[in-house]
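Chemist: Got a predicted structure here, sequence first:
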Amino acid sequence: MNAWKSNEVPKMMKSKFLGKQAIKTVNRIGDIICPGDDDFPSYSELGCIEIIDNMFGNAPPADVKDLNLLLSILSFMPNAVLRWLVRKMATAHGKKGALNVLFRQLDFGLRGIIFGTYYSGEAGSGYKGENPHRIVGFELNRIVD
């Protein structure tokens, strides 16, 4: 049911902010953090990469440039190394040391992008299933005066 494999760049995806290697890497990291199961779709299955530009509209251009560089570097890592890095980032919280500070910053930034797109309520054009926020029963009730 995958709209595309996580190691491929969707043909219909063009980003105003991220390059092809960066898009591919976000998709790979997304599938590590949100791999999917019987109830939930994986990051790539949901097609989150199609809505990735929504995350960067108000971001400082220098930050987007740095993110592109980081993701392009990470794109050369094998999946096993990338999985290790994601685990290392998640376990760095509460630990001291300069390297752990860097891992925490990476964790916050990358998880923000991944979860922000995954739970946005939007999906890629190839996805026909239920959105994750509906699966968990989340509804936003807004009261307007």
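Modeler: Happy to help now that I have it.
Chemist: S44 touches V26, doesn't it?
Modeler: No. Counting by CB atoms under 8 Å, V26 is not a contact partner of S44; they are 9.9 Å apart. The C-beta positions use only the backbone N, C-alpha and C, and glycine is treated the same way.
Chemist: and the residue minimising distance to the centre of the chain, what is it in contact with?
Modeler: Nearest to the mean C-alpha position of the chain, by CA atoms, centre = their mean, lies I114 at 2.6 Å. I114 makes contact with 26, 29-30, 33-34, 43, 48 under the criterion CB atoms under 8 Å, 6 or more residues apart in numbering.
Chemist: That one: helix or strand, and which one exactly?
Modeler: helix 98-118 (DSSP states H and E).
Chemist: hmm, back to that, from the contacts of I114, which is closest to V81?
Modeler: I29 (11.9 Å; CB to CB).
Chemist: Please name the nearest non-neighbouring residue to that closest one.
Modeler: Excluding the flanking residues, the one nearest I29 by CB to CB, 6 or more residues apart in numbering is L110, at 5.9 Å.
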